[in-house]
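Colleague: I'd like to go over a predicted model; first the sequence, then the structure.
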Amino acid sequence: TFMGKIKHVAVIPDGNRRWAKQRKMPDFFGHKKGAETAEKIFNKALELEIPYLTFWASSLDNIKKRSKEEVAFLFKLFENQFRKLLNDRKIQEEGIKVRVLGKWNEVFPKGLREAIKKVIAETAEHKNHHLTLLMAYSGVDEMSEAVRRINEQFKENRPITEETIKQNLWTKELPPVDLVIRTGGEPHWSAGFMMWDTAEAKIHFSESLWPDFTPEEFETILSSASQKERRFGK
């Protein structure tokens, strides 16, 4: 177990479309295979007793800039995944709390929004494990909204502390991220991903395209990261 060393892992799953392209298949196949990979990684994180797993399921750009067909497929895929979560006995047995952060409530269709709200409501009291899905998410949006909220609250000259900032983020209930894993073999950051929470995180860039990423690779990365100390600038 990595308890005590790595409590919060965030995953940026990149490479679904490239995976499909390599196989001369439409993008849909990559997204479908990517959803299967996500399930395997969630299960592995549970098995390894990682208390907090955060998964970037879709950026706002994914929703706004992709073709209508691809976005409609993603919405249907997401809805199926949430309905699956509702019927998954593990969610109850393991006490998994599901959070969904981002602008999903503004841009997702009604059926999908309702499925998400149902999962959030049914897992609200759970405390053992925390699965956070970032949907229609952008870190720049998250930080901009936090600054706007703070500006509204602090009309008079009260000091703004680190705590103030954290309490106004969408991730206010989550601890700092210990490790970020980005797949897809292209090492870069995107849309200010969790910029506040990853300030001291270890970062691992995997060459695997997301549909090829295995629970074994996930465990190897965690094992390696848990053996290295973070120095926090010391």
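Modeller: Noted; the coordinates are in hand. Because the structure is a prediction, the values reported are computed rather than measured.

Colleague: spatially central residue for this protein, please.
Modeller: Centroid-nearest residue in the chain, with Cα atoms, centre = their mean: Phe55, separated by 1.9 Å.

Colleague: and the closest residue to that residue other than its chain neighbours, which of the three is it?
Modeller: Leaving aside its chain neighbours, Phe55 sits nearest to Val11 (5.0 Å; criterion: Cβ to Cβ, 6 or more residues apart in numbering). The C-beta positions use only the backbone N, C-alpha and C, and glycine is treated the same way. Secondary structure, DSSP: H, G, I helix; E, B strand; the rest coil: Val11 is strand.

Colleague: how near is Val11 to Pro159?
Modeller: For Val11, the distance to Pro159 equals 35 Å [Cβ to Cβ, to the nearest Å].

Colleague: do Lys97 as well
Modeller: For Lys97, the distance to Pro159 - Cβ to Cβ - is 32 Å.

Colleague: show me which of the two is the more surrounded one.
Modeller: Each of Lys97 and Pro159 has its neighbours counted (other Cβ atoms under 10 Å); Lys97 has more, 18 against 6.

Colleague: so for Lys202, what's the pLDDT?
Modeller: As predicted, Lys202 sits at a pLDDT of 96.

Colleague: pretty sure it is touching Arg182, no?
Modeller: No. Using Cβ atoms under 8 Å, Lys202 is not in contact with Arg182, being 11.8 Å away.

Colleague: who's more crowded, these two?
Modeller: Arg182 (23 against 19).

Colleague: in the lowest-mean-pLDDT helix or strand in the chain, what counts as buried?
Modeller: Across the helices and strands of the chain, mean pLDDT, DSSP states H and E gives its lowest value to helix 60-65, namely a mean of 86. Using 16 or more other Cβ atoms under 10 Å as the test for burial, helix 60-65 gives Leu60, Asn62, Ile63.

Colleague: one more: stretch 167-181?
Modeller: Asn168, Leu169, Trp170, Thr171, Leu174, Pro176, Val177, Asp178, Leu179, Val180, Ile181.

Colleague: for this structure, which segments are assigned as strands?
Modeller: 8-12, 52-56, 96-101, 129-134, 179-182, 202-205 (DSSP state E).

Colleague: using a markdown table, lay out those together with distance to Leu46.
Modeller: Formatted as a markdown table, the strands of the chain follow (distance: least, Cβ to Cβ, whole Å):
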| stretch | distance to Leu46 |
| --- | --- |
| strand 8-12 | 12 |
| strand 52-56 | 8 |
| strand 96-101 | 8 |
| strand 129-134 | 6 |
| strand 179-182 | 16 |
| strand 202-205 | 20 |
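
Colleague: which of the residues in the longest helix anywhere in the chain are buried?
Modeller: Longest helix of the chain, by residue count under DSSP state H: helix 27-47. By 16+ other Cβ under 10 Å, the buried positions in helix 27-47 come out as 27-35, 37-38, 41-42, 44-46.

Colleague: cool, stretch 217-231 as well?
Modeller: So, applying 16+ other Cβ under 10 Å, buried residues of stretch 217-231: Glu217, Phe218, Ile221, Leu222, Ala225, Ser226.

Colleague: may I see these organised as CSV, with distance to Ser138 and pLDDT added?
Modeller: What follows is these, written out as CSV (distance: Cβ to Cβ, whole Å; pLDDT from 0 to 100):
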residue, distance to Ser138, pLDDT
Glu217, 27, 98
Phe218, 25, 98
Ile221, 25, 96
Leu222, 27, 96
Ala225, 26, 92
Ser226, 30, 89
